[in-house]
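Novice: Sequence and predicted structure below; questions after.
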Amino acid sequence: MNSHDWFIEHRQDYAARVLDPDDERTFADHQARCEACRTAVTDFERELEWLPMGVTPVRPRPGFRWRAIRAVLGPSRRSAWTVWVPTALAAGLALWAGLGFREAAARGAALEGKLATSQQALVALGDTVAALRGAARILQASISMDEHKGGLLIFEDGVTHQWNVVLHGLPPAPAGMAYQFWFICSDGMVKSVELTPLGAGPLFVTLGMPSGGGQVVGAALSVERLGSVGQEPKGRELVHLML
Amino acid sequence: MRLQPVRAGSGTKGELLSGERESSLRARLIGRDETALVELIDTASPWLLGIAHSMLSDQDDAEEVVLDTFRLAWEKIGTLSPHDDQRLVPWLCRVTRNRAIDRLRSRRRQRIKAERIEAAEPPSDWVVPPAEPNEAALPGWHVNHNVHRALADLPADQQRAVRLAYFNGLSQSEIAHELGVPLGTVKTRLRLAFNKLRGALAPLKDWVL
């Protein structure tokens, strides 16, 4: 038995990583200089490449997916906006819910239903806030509509490339009219969805990028006649945002 | 708190990773497509966490190893040639296993680990019997089923040695200590077992997850 026979004999053991640490280091040093052993080890690894799949799979804990994405892409992708805007939004919502609770308590049992509805909305919006924390970019515009002051927030999801759009503080559209969301694209305007605020709470929608119209360069919101089939805005433009 | 192994039909989404889909996924990863990264994480995480957890018996350590694996995959995916026959998921499995072993040994926890192996076995009702695979719930069950069948065909003493080596990350000396047999006996058992497994798993060589 010459000195190389030991390495030949232990190729499988090295590839399977069952050698004791000292032997493993010895083999690793040798392998760096020996193409035959290197090739044999690679072949062995390929032959048993599915063996680790004999384990019991484990369900990732909640949040693992985001941790993995952040671990790979880095936390720097998140702007400060994504930290304090959701926090401020959540604080505002909590205040709103708290006031709602006091009011309901004061008015008695008749308002309990309303409180429950508010709390459901708060939970739903809490989920929304959690989703928005992953945004890579945020656009914001203030809107004045009659006596109301509201706004449009667009959170760009850097992973799915969808937009999470929040419309808040606006009254229901005038009779026979609707709020219309538009993508501003390199080839022109692309009609998106009608936004219909329900009650006093913010409206949240998730939009995929339009299939036509070229590159998306911005967004607009206008008030259009209900059922309008036009592909260009004709009504009053409330928001015009460029990326 | 222990990790929760996946049950069949428990709602984990996934699709069979065909050869064509794997090629597409690899190309998109090389092209820095972040949705491809999410797809890879969703597909591979349960298996990679299973590998790391079987060795480390620690939830946080297992997750850190898998996060390291995804980081490395994102950085090094370009070094895998499109014409290389190295499959994506087996490559990730190997990286995860190697990193878990490195962590295990660097912390010198083998002895503690060996004592915890039995205790760390998940309750039987957590484990999906390999005889009841559910590809719709989690891709990869067909591979798991075939690996179990190959292991089941080994004599019990060889099977035990392979499980300790491959799924618990013990070295030959540690296995000898664990089983109370001479080191030479362990080497022989592993060598015989690996030779049989190479033949039994050969049909899987061209499979994809």
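Specialist: Noted; the coordinates are in hand. Keep in mind that this is a model prediction, so the values were computed, not measured. Numbering: from 1, shown residues only, chains lettered A, B, ... in the order given.
Novice: I'd like the next helix or strand past the one helix or strand in chain B whose mean pLDDT sits lowest.
Specialist: When each helix and strand of chain B is scored by mean pLDDT, DSSP states H and E, strand B:4-5 comes last, with a mean of 45. Scanning forward in sequence from strand B:4-5 by DSSP states H and E, the next helix or strand is helix B:19-30.
Novice: which helices and strands sit right next to that following helix?
Specialist: helix B:34-56, helix B:88-106 (3 or more CB pairs under 8 Å, 6 or more residues apart in numbering or on different chains; DSSP states H and E). Using the backbone N, CA and C atoms, a C-beta is placed for each residue, glycine as well.
Novice: any chance of these in JSON lines, with mean neighbour count and mean pLDDT too?
Specialist: Shown next, in JSON lines, are the helices and strands packed on helix B:19-30 (neighbours: other CB atoms under 10 Å in any protein chain shown; pLDDT from 0 to 100):
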{"stretch": "helix B:34-56", "mean neighbour count": "24", "mean pLDDT": "90"}
{"stretch": "helix B:88-106", "mean neighbour count": "21", "mean pLDDT": "90"}
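Novice: Could you dump those into TSV with distance to A:Gln12 added?
Specialist: Below are those laid out as TSV (distance: least, CB to CB, whole Å):
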stretch	distance to A:Gln12
helix B:34-56	19
helix B:88-106	15
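Novice: so what's A:Val217 up against?
Specialist: By CB atoms under 8 Å, 6 or more residues apart in numbering or on different chains, A:Val217 lies in contact with A:Ile184, A:Cys185, A:Ser186, A:Met242, A:Leu243.
Novice: give me that answer again for 6 Å
Specialist: By CB atoms under 6 Å, 6 or more residues apart in numbering or on different chains, A:Val217 lies in contact with A:Ile184, A:Ser186, A:Leu243.
Novice: what's the burial count for the nearest residue to A:Val18 once chain neighbours are set aside?
Specialist: Once flanking residues are discounted, A:Val18 sits nearest to B:Ala165: 4.6 Å by CB to CB, 6 or more residues apart in numbering or on different chains. The number of residues packed near B:Ala165 is 23, by other CB atoms under 10 Å in any protein chain shown.
Novice: likewise the one 3 residues further on?
Specialist: Per other CB under 10 Å, the neighbour tally for B:Asn168 reads 23.
Novice: Quick one: the strands in chain A, in order.
Specialist: For chain A, applying DSSP state E gives strands covering A:58-59, A:135-145, A:148-157, A:163-168, A:177-185, A:188-195, A:203-207, A:216-225, A:236-242.
Novice: Any regions of chain A where pLDDT drops low?
Specialist: Residue ranges of chain A with pLDDT under 70: A:1-2, A:75-110, A:119-135, A:198-200, A:229.
Novice: who in it is up against chain B?
Specialist: Contact residues, chain A versus chain B (CB under 6 Å from any CB of the partner chain): A:12, A:17-18, A:20, A:47, A:49-60, A:65, A:68, A:71-72, A:159.
Novice: Among those residues, the buried ones, what's the PyMOL command?
Specialist: Per 16 or more other CB atoms under 10 Å in any protein chain shown, the buried members of the residues of chain A next to chain B correspond to this PyMOL selection:
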select buried, chain A and resi 12+17+18+47+49+50+51+52+53+54+55+56+57+58+59+60+68+71+72+159
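Novice: Mark which of the residues of chain A next to chain B are part of helices, please.
Specialist: Under the assignment DSSP state H, these contribute A:Gln12, A:Glu47, A:Arg65, A:Ala68, A:Ala71, A:Val72 to helices.
Novice: tell me the two of these that are most distant?
Specialist: Using CB to CB, the pair of these lying farthest apart is A:Gln12 and A:Arg65, separated by 36.5 Å.
Novice: give me the low-pLDDT residue ranges for chain B?
Specialist: In chain B, residues with pLDDT under 70: B:1-18, B:81-85, B:108-138, B:205-209.
Novice: tell me which parts of it are close to chain A?
Specialist: Contact residues (CB under 6 Å from any CB) of chain B with chain A: B:3-6, B:34, B:38, B:41, B:45-47, B:49-51, B:53-54, B:67, B:70-71, B:74, B:90, B:93, B:97, B:101, B:127, B:143-144, B:147-148, B:165-167, B:171-173, B:194, B:198, B:201, B:204.
Novice: List buried residues within the contacts of A:Val217.
Specialist: Among the contacts of A:Val217, those classed as buried by 16+ other CB under 10 Å are A:Ile184.
Novice: Let me know the closest of the contacts of A:Val217 to A:His148.
Specialist: Of all the contacts of A:Val217, A:Ile184 has the smallest distance to A:His148: 24.3 Å, by CB to CB.
Novice: which residues does the residue nearest to the closest one when sequence neighbours are not counted contact?
Specialist: Once flanking residues are discounted, A:Ile184 sits nearest to A:Gly218: 3.6 Å by CB to CB, 6+ apart. Applying CB under 6 Å, 6+ apart to A:Gly218 gives the contacts A:Ile184, A:Leu241, A:Met242, A:Leu243.
Novice: Please apply the same query to B:Phe70.
Specialist: Per CB under 6 Å, 6+ apart, neighbours of B:Phe70: A:Ala68, A:Val72.
Novice: any idea which element it lies in?
Specialist: Following DSSP H and E, one finds B:Phe70 within helix B:59-76.
Novice: What angle do helix B:34-56 and that helix make with each other?
Specialist: In terms of direction (axes from the mean of the first three to the mean of the last three CA atoms, to 10 degrees), helix B:59-76 departs from helix B:34-56 by 140 degrees.
Novice: Helix B:59-76 vs helix B:88-106, what angle?
Specialist: Using the same axes, to 10 degrees: helix B:59-76 against helix B:88-106 is 130 degrees.
Novice: For helix B:59-76, buried residues please.
Specialist: For helix B:59-76, burial by neighbour count (16+ other CB under 10 Å) applies to B:59, B:61-70, B:73-74.
Novice: tell me the angle that helix makes with helix B:19-30.
Specialist: If you take the same axes, to 10 degrees, helix B:59-76 sits at 80 degrees to helix B:19-30.
Novice: Assign B:Gly169 to helix, strand or coil.
Specialist: Following DSSP: H, G, I helix; E, B strand; the rest coil, we place B:Gly169 in the coil state.
Novice: what's near enough to touch it?
Specialist: Contacts of B:Gly169 (CB under 6 Å, 6+ apart): B:Met55, B:Ile101, B:Leu104.
Novice: just those now: which is nearest chain A?
Specialist: Checking those against chain A with CB to the nearest CB, the nearest one is B:Ile101 at 5.4 Å.
Novice: and that closest one, what is it in contact with?
Specialist: Counting by CB under 6 Å, 6+ apart, B:Ile101 makes contact with A:Arg17, B:Gly169.
Novice: again, 7 Å this time
Specialist: Residues in contact with B:Ile101 (CB atoms under 7 Å, 6 or more residues apart in numbering or on different chains) are A:Arg17, B:Met55, B:Gly169.
Novice: Closest to A:Ala141 out of those residues?
Specialist: Relative to A:Ala141, the closest of these is B:Met55; by CB to CB it sits at 52.6 Å.
Novice: Appreciated, that's everything.
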